[in-house]
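# No sequence on hand, only this structure:
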């Protein structure tokens, strides 16, 4: 199904909630309100019967969008209206993964407090946080039991992802929790070899002090 066809499906369903507007216009206004973090406007839609798990044409729920954009008040509102914190997009993303990717610590805490899973098969919130170097989120996820050495679908650990991005503080946070420096990727790479290849001198030194060897 194309994006245009998906939009038509969502718009038709949305018409029952806001009959005074053309379906497509109403749906676009909802997405605009979510993007802007307009909790009042979204709350009005919810009061008129909007499904809190409504998704955009790409399959991202409005909770995922709000989490990615850092709209904490809106995230809180959607959770209070029973939005599914564990729902996944067609690409496998969750609201917590989106918040972790963007470094929105308060939202990550809110989602976990309301049942969002920290660890699961495939890409995880910790992988996303490490990829972008979100050290505070990394620390929080580790405190909540995230697997510090879990392999992403590409065969990389969070430490390797942090090394690939040159994220010194993220790597330091992982190493503080004894992340394994010896794990090798699909072609034999390690966090150390990745750091060396990127000429990340400080990161290479940090890894060596943690026991990494060539």
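Looks like it came in fine. A quick note: this is a predicted structure, and the numbers were derived from the prediction, not measured.
# Give me the contact list for stretch 33-45.
With contacts defined as CB atoms under 8 Å, 6 or more residues apart in numbering, stretch 33-45 is touched by 17-18, 29-30, 50, 62, 65-66, 69-71, 73-74, 77-78. Bear in mind the C-beta positions are built from the backbone N, C-alpha and C, glycine included.
# what does stretch 146-161 give?
Taking CB under 8 Å, 6+ apart as the rule, stretch 146-161 contacts 118-119, 122-127, 129-131, 138, 142, 164, 171, 174-175, 177-181, 183, 185-186, 189-191, 194.
# and that stretch, how far apart are its ends?
Start to finish, the residues bounding stretch 146-161 are 15 Å apart (CA to CA, to the nearest Å).
# Worst mean pLDDT across the helices and strands of this structure, which element?
Taking mean pLDDT, DSSP states H and E as the measure, helix 3-15 is the helix or strand of the chain with the lowest mean score, a mean of 49.
# filter the contacts of stretch 146-161 to the buried ones?
For the contacts of stretch 146-161, a burial check counting by 16 or more other CB atoms under 10 Å picks out 118, 123-127, 129-131, 138, 142, 164, 171, 174-175, 179-181, 183, 185, 189-191, 194.
# Next step: those restricted to helices.
Counting by DSSP state H, these place 125-127, 129-131, 138, 142, 164, 171, 174-175, 191, 194 in helices.
# In TSV, list the residues you listed along with distance to residue 82 and pLDDT.
Listed next are those as TSV, based on distance: CB to CB, whole Å; pLDDT from 0 to 100:
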residue	distance to residue 82	pLDDT
125	21	98
126	26	98
127	28	98
129	26	98
130	31	98
131	30	98
138	29	98
142	29	98
164	38	97
171	38	98
174	34	98
175	39	98
191	41	98
194	42	98
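# Now residue 55: phi and psi?
The phi and psi values for residue 55, taken as degrees, to the nearest 10, are phi -120, psi 160.
# That one and residue 61 touch, don't they?
Yes. With contact defined as CB atoms under 8 Å, residue 55 and residue 61 form a contacting pair (4.8 Å).
# Spit out the residues that contact the two alike.
With CB under 8 Å, 6+ apart as the test, residue 55 and residue 61 both reach residue 89.
# Which of these two has more residues huddled nearby?
For residue 55 versus residue 61, neighbours defined as other CB atoms under 10 Å are more numerous around residue 61 (25 against 18).
# Wait, that one touches residue 54, no?
Yes. Residue 61 is in contact with residue 54 according to CB under 8 Å; the separation is 6.8 Å.
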